[in-house]
Structures are given as structure tokens and as C-alpha cells.
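Asks: With the input below, show me the fold.
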Amino acid sequence: MGRKILGTALLTTTALLTVAGCGGGGTGGSDETAAPPLNASSVSGTIKVLTNRTDLVQDGTMKKYAAAFTKEYPKVKVEFEGITDYEGEVKIRMNTDKYGDVLLIPAAVAKGDYPKFFAPLGSTGTMEQKYRFTDKTDVDGRTYGIANFGTANGVVYNKALWKRAGITEWPTSPQEFLADLKTVKDKTGATYYTNFKDGWPLVSPFTNSIGSVSCDAKASDNLAITDKPWDTGTDLNVIDTLLYDIVHDKLAEKDPSTTNWENSKTLLAKGKISSMVLGSWAITQMQDAAKKAGAGADSIGFMPFPVQKSGTYCSTLLSDYQQAVNIHSAHKAAARAWIDWFTEKSGFSEAQGAVSALRSAPLPATLKEFVDNDVTMVERSEADTAEVNAIDNASEIGLNKQDYRQKLIDIARGAQSGSLEGYFADLNKRWADVKQTAGS
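Replies: Predicted coordinates for the structure are as follows:
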């Protein structure tokens, strides 16, 4: 038994968006490269690395990575800045030249504007042979970022709890998943958890599952050419219908407005809630919570999104934040050396239970069940992300914002008037109305 990975064809994209909230502080040209350094002795300087992982900065983990890096690059000093509101803070800083030497590319920066702010790391034709997810930062044949890691999408669940309810096989359809949730609730009292209040763990995992239903690496790109993303049988229709049905059938928490992401880890570990649609990045966090609760890491399981295509489960594989080099950095070689070392030698992705950006690296132990059960990993193309985002922004739907799925949940629980069919019809109309102008 093994696993299959569906690759993606490289498609370069032309910029359609401008930097949201950025005043054009980046003025450097794409000729300012950040090529891999030839040897460690030729690299020197102090570099600042911006990160959203404030926890790893505070507990000293990042300092340990820096110490290991310095053994190989003794003339380079690495300083970290953990930023709680990473997106908001870095977006503001990018009005100037001073936004670190190495940073995670904020979502607010339009793909076509990467050459204004980041030094190219190499030709995409070369980079894609070594790294996954290069199309996410490809602009006109050059790659501007290397992924921190990748994440598979599926459902984190309390495996021991489901077993106690008599369920030991993964559901193969949304209907089976709903039936399993009902069985677990009836026998244990545990329910599905929407993460409604915090928003981001409700939005991203479901949107990131586009492609898992159809087993199509270009499922997200195809949103740029369809007039009806929520038409019957589409990925979004299946994904959002399942969420609606979970809430409508009272298989989720009683009051979504009271959910708490941090607390959900303990609730899952203790069997108070049964499952959540999340990325594989969450597995280690849930396992840690289970160990603290005395339940054991093996009580936490991870299953594919409950749909099969021709008898096969699929799971989309997407990149996390992408590390980039500030085009204004005075120490580009040192910045690039850090990115290469962090990606290839630090062991960070393995420690996070995540998928390495290196194509040669095996899938992590957290996905062993996926490997053992021949789940097909769909490395989802992001070549047309700029076009899709342009349509999404112009339609004011917000595929990556919480309002649209929170409204879906409110309709399902009767907190807002409307029907699922009516909501889908409205979403399709809004998408189609702006597609011809915003996405072209």
C-alpha cells in the first residue's frame, strides 16, 4: 500500500491585482536576485526573520534553529521577530523598505506585485523540480517564495471516541459522515465543532478542501472560468452542503457563537467534541492536547474529506505561508541561506507533522494512515489564484473570509432567514455578474 500524488502543470500568471493596503514601498527590480550562496564562508551579515509563530519565538525554539544554522554559517547572525497580528502589521510595514530580511509573504500582497517587494529565488522551471508549491509564487517564470511546509486537508477526529460508538471505518460519502456524526452524538453526546466564532478555522479548511471532492488539482483554478461555483455536484456545493447539513441536523455545538479555537483542542482530546474539518497541521496540536489530557496521542485520528471519486479518497495538498527575501535587504545571500537551510535541514516541517516543501522528502508520520490507505494527495494548482481572488473580491463573497460561511451556518440553524438553495443561487449570481470583468 502506498500513496499517489497528483502534480500540477505550471502556468504563469499576469498580475491582475494591486497590493491591498500597501503603498508601493517596494521599488526594487526583479534583477535583484537572491540566488543560493556558493559556500558558507562567503555569507555574512545580521538578518531579521519575521514570523507569525510567536509561540516558537517565546519558547526558544526559533533560537535553537538559529544556533544550529550559525554552526554552518558562522558569519551570519539571525534575529527573530514574532508578530501576533502578522497580516495587519507586516502589510503596514511594507509601505517602507523595512520589513525584515526574510518574511512570510502576506496574503494582502497581490501575486503580480511580488517582484516589487521580494527578490526572485530562481527560475520556476528549475525550482519546481526540487520544491513543491512553486506555482503559488511564480510570476513570469520566476519563483519568489519557498513554502514553510505543506498541509493535507481532511477531518481531525477523536478516534477512540468514534470506536467507542462502534465506528471503525472512514465514511465514504457526506451522507455516511452525517450518519456517523449522529451515531457518535447519540452514543457519547459529543458533537461536531464548527469553530464559528474564531472564523479562520471554519473558513480555511473548507476552502482548502476544494479539489478533494473532485480529485482535481485544478479545481481552484477552474473557479476563474465557471459562472456557477456552487452548482450541483461542484466541490463548493458538496463542501458547503455538508457543513449546512451538519448544523441543520443539530450535529454541531448548540451555540456556535461560543466556540473557542484554543479550547477546542482540549474538548476534542477529552471526547467532548467528535471532529473538525482541519488541515493536517492541526494533528500534532490535537495529539499534544490528548497527551496532556491523559488520553494518548493515538486517540487522535485524521480522515480524508468524506467523499470518494471512483472508489478513491483524495486530499488536497496546499502550501502554508511562503518564505521570501525582502528585495531591499542588504544581506540577500544570508537571507537566502537561511531559507534554504530552514527548508532542507532544520527539521521544522517534520516537527510540525507537516509535508515538506522538498519533493524528495517523504510524507510525515502524521499522515501514515493516508499512506496505508492509498489516499491520493492532490497537489493543488494555484497558478490562477490572482484571477480567482479578483473575482472573489469583486463579488464580495469572501472564500477566505468568515462572513460567508458564518451566514451559511446561521441559515442552517435558523438565525437568519433563507434556504440553502437560495443562498447558493445568490452566490452563483454574484460570482457570474463580476467574472467577465474582474477575472479577465
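
Asks: shaky segments in the chain?
Replies: 1-32, 38, 439-440 (pLDDT under 70).

Asks: Taking the centroid of it, which residue is nearest it?
Replies: residue 320 (4.9 Å; Cα atoms, centre = their mean).

Asks: Who's the closest spatial neighbour of that one, skipping the chain neighbours?
Replies: Leaving aside its sequence neighbours, residue 320 sits nearest to residue 148 (Cβ to Cβ, 6 or more residues apart in numbering; 4.5 Å). All C-beta atoms are positioned from the backbone trio N, CA, C, and that covers glycine.

Asks: quick one: that neighbour and residue 399, what's the gap?
Replies: 22 Å (Cβ to Cβ, to the nearest Å).

Asks: same question, residue 188
Replies: Distance from residue 188 to residue 399, by Cβ to Cβ: 34 Å.

Asks: what's the residue lying closest to residue 33 once chain neighbours are set aside in contact with, if anything?
Replies: With Cβ to Cβ, 6+ apart as the measure, residue 120 is the residue that lies nearest to residue 33, at 5.4 Å, once sequence neighbours are left out. Contacts for residue 120 were tallied using Cβ atoms under 8 Å, 6 or more residues apart in numbering; they are 30, 33, 34, 142, 143, 144.

Asks: Filter these down to the ones in strands?
Replies: Counting by DSSP state E, the part of these found in strands is 142, 143.

Asks: Buried members of the contacts of residue 120 into PyMOL, please.
Replies: Buried subset of the contacts of residue 120, written as a PyMOL selection, criterion 16 or more other Cβ atoms under 10 Å:
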select buried, resi 30+34+142+143+144
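
Asks: Tabulate the contacts of residue 120 in TSV, adding columns for distance to residue 383.
Replies: Converted to TSV, the contacts of residue 120 look like this (distance: Cβ to Cβ, whole Å):
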residue	distance to residue 383
30	19
33	22
34	22
142	14
143	12
144	14
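
Asks: so where do the helices sit in the stretch 51-200 of the chain?
Replies: 54-58, 61-72, 86-93, 114-117, 124-130, 159-164, 174-188, 200-208 (DSSP state H, counting those that start in this stretch).

Asks: whoops, I mixed them up, the stretch 201-350 of the chain
Replies: 235-248, 261-269, 283-292, 332-344, 348-351.

Asks: Output those as JSON lines; include the columns mean neighbour count and distance to residue 227.
Replies: Output for those, formatted as JSON lines (neighbours: other Cβ atoms under 10 Å; distance: least, Cβ to Cβ, whole Å):
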{"stretch": "helix 235-248", "mean neighbour count": "21", "distance to residue 227": "13"}
{"stretch": "helix 261-269", "mean neighbour count": "20", "distance to residue 227": "35"}
{"stretch": "helix 283-292", "mean neighbour count": "19", "distance to residue 227": "37"}
{"stretch": "helix 332-344", "mean neighbour count": "22", "distance to residue 227": "39"}
{"stretch": "helix 348-351", "mean neighbour count": "18", "distance to residue 227": "38"}
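
Asks: I'd like to know which of those helices lies nearest to residue 44.
Replies: helix 332-344 (6.6 Å; Cβ to Cβ).

Asks: Could you measure from the closest residue to residue 259 other than its chain neighbours over to residue 264?
Replies: Leaving aside its sequence neighbours, residue 259 sits nearest to residue 197 (Cβ to Cβ, 6+ apart; 4.5 Å). Separation of residue 197 from residue 264 (Cβ to Cβ): 10 Å.

Asks: Residue 54 touches residue 84, doesn't it?
Replies: Yes - Residue 54 is within contact range of residue 84, at 5.6 Å (criterion: Cβ atoms under 8 Å).

Asks: who's more crowded, these two?
Replies: Set residue 54 next to residue 84 and count neighbours by other Cβ atoms under 10 Å: residue 54 wins out with 15 against 8.

Asks: give me every residue that touches residue 220.
Replies: Counted by Cβ under 8 Å, 6+ apart, residue 220 has contacts 210, 211, 380, 381, 382, 384, 385, 388.

Asks: In this model residue 221 seems to touch the last one, though I could be wrong.
Replies: What that stands for is residue 388. Yes - with contact defined as Cβ under 8 Å, residue 388 counts as touching residue 221 (7.1 Å).

Asks: And this protein, what are its domain boundaries?
Replies: What the record gives for the chain is the domain set 45-148+320-346, 151-318+381-439, from the TED database.

Asks: for the stretch 251-400 of the chain, what spans make up the strands?
Replies: Counting by DSSP state E, counting those that start in this stretch, the segments of the stretch 251-400 of the chain that form strands are 273-279, 300-304, 308-309, 312-319, 322-325, 376-379.

Asks: Looking at the ones you listed, which is nearest to residue 66?
Replies: So among the strands of the stretch 251-400 of the chain, strand 322-325 is nearest, using Cβ to Cβ, at 14.6 Å.
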